[in-house]
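> Got a sequence here, can you model it:
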Amino acid sequence: MKWLRRNVWRLLIALGTAALALGYVPEACPELGSVLPRLSPILSLFGALAARAWLGWLMLLGIPLLILAFFKGRFFCWHLCPMGFVSEAAGKLNPWGKGLVKRVPAINKALTLVIAVTATCGYPLLIWLDPLCIFNGFFAVWREPFTWAAAVTGIGFVTIVVLSICIPNVWCHRVCPLGGLQESVMLLARRLRPPKADAPPPSTLSAAAATRRTVLAAIPAAAAGLVVKRALGPTGRKALRPPGANLDRFTALCARCGNCMRACPYQLIQPDLGESGIDGLFTPKLVLRSRNLDQEQYCFQDCVACTKVCPTGALRPLKVEEKHARPIGLAVIDLKKCLAWEKKEYCAVCDEYCPYKAVKLVERNGVNCPIVDATKCRGCGACESNCPADPIAIVVKPI
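Model prediction:
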């Protein structure tokens, strides 16, 4: 009965968190859909550390899990984690693989150390391995209209399920960085607590050895973070990113959790399938009409929904007036395709639809032709989504 109660409880938690990731939240509280990944201190606290920014009060949701680990060890893993429940259930499908996990070395605490140290350096490597992020990302992409491009965000979830079937419990016991973080907090708690009266005194030598190993491991982790940061540079600028993007560290800060894709009411945000390089794989980008001819929407000037749900600071929370002041791209006119410039036809559609009044008309051979004022353009794509030329004559480019 105890086993049954535990697993029924875990199933209910997994279903509830899946519903949150799918966006089944009250319209009055849209940010509830971003709660799940924020529960992980790897995303909320390490993300804020890497972004060097205050990401709102919701980022503090990661603190209770650290407190729980201090007193109860990996209680969250064994009783509350939805990804852990799915992984364990998948392992039950292969009873013949029981015991194989003992042959696999544990790398979870090492992964945690890499993420923590590189986050301190401002470029958090492997932050997308967080299990709550992977679970959230799988369900967040199931939206209307469904696209296979968006569905690739769930590849991490599928990988863990397949891995768990092949080697039961390998994810939770050997790989998961959130589990490694909880183990590290648990070991710290044991050292800080006063020993029991009948317990042997702790070994000073073993504690010193563990500390020395941690320090020695942190040095190459920090070096790796700095080298990658310098080598890759501001790779977030290679694709058109959503509002509030921290372009200098976007591909590192992004957890690929799918929250911004689900939050966008105009379905403009899709995963990057390699446009910005291997390090930008599955990060969100804006897909406007020149990339999708069926797309008639644009990044509405008063919408900041995607910036409110990012748990790591890859997209910083913006107010509407802040969005108005920050460009996400620049509209560029191809004069050879423009009806006014090339064919001398009267057309001022881009000027009519621009919400920022960034398009100006200049007379050329008796025809008013459009030009873009780069100081006013915010890259929203309203001009691109309404351009009547075929092919489209005005396209938003990354800054």
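> any idea how far residue 398 lies from residue 242?
Taking CB to CB, to the nearest Å as the measure, residue 398 falls 12 Å from residue 242. In short, each C-beta sits where N, CA and C put it, glycine included.
> ok, these two, which is more surrounded?
residue 242 (25 against 19; other CB atoms under 10 Å).
> State the phi and psi torsions of the more buried one.
phi -60, psi 170 (degrees, to the nearest 10).
> what's near enough to touch it?
Shown in contact with residue 242 (CB atoms under 8 Å, 6 or more residues apart in numbering): 260, 264, 268, 269, 284, 285, 286, 299, 306, 307, 315, 328.
> Quick check: residue 134 is in a helix.
Yes: when DSSP: H, G, I helix; E, B strand; the rest coil is applied, residue 134 is found to be in a helix.
> got the contact list for it?
Neighbour list for residue 134: 83, 128, 156, 157, 160 [criterion: CB under 8 Å, 6+ apart].
> Tell me which helix or strand the first one sits in.
This means residue 83. Using DSSP states H and E, the element containing residue 83 is helix 82-91.
> Report all helices and strands that that helix contacts.
Counting contacts by 3 or more CB pairs under 8 Å, 6 or more residues apart in numbering; DSSP states H and E, helix 82-91 packs against helix 2-22, helix 131-140, helix 155-166.
> Nearest to residue 91, out of those helices?
Relative to residue 91, the nearest member of these by CB to CB is helix 155-166, separated by 4.7 Å.
> Could you report the pLDDT at the residue nearest the centre of the chain?
What sits nearest the mean C-alpha location of the chain, by CA atoms, centre = their mean, is residue 255, with 2.9 Å. Residue 255 carries a pLDDT value of 90.
> that older thread, out of the contacts of residue 242, what pair is the most spread apart?
Spanning the widest gap among those are 285 and 307, at 15.0 Å by CB to CB.
> more crowded one of those two?
The neighbour count for residue 285 versus residue 307, taken as other CB under 10 Å, is higher for residue 285 (24 against 20).
> That one in helix, strand or coil?
Going by three-state DSSP: residue 285 is strand.
> Please report how far it lies from residue 263.
15 Å.
> all helices for the stretch 201-350 of the chain, in order.
Taking DSSP state H, counting those that start in this stretch as the test, the helices found in the stretch 201-350 of the chain are 204-232, 250-253, 259-263, 320-325, 339-343, 349-353.
> from memory the residue nearest to the centre of the chain sits against residue 133, does it?
Yes: at 4.4 Å, residue 255 counts as touching residue 133 under the criterion of CB atoms under 8 Å.
> which residues are common contacts for these two?
Shared contacts of residue 255 and residue 133 (CB under 8 Å, 6+ apart): 37, 43, 127, 311.
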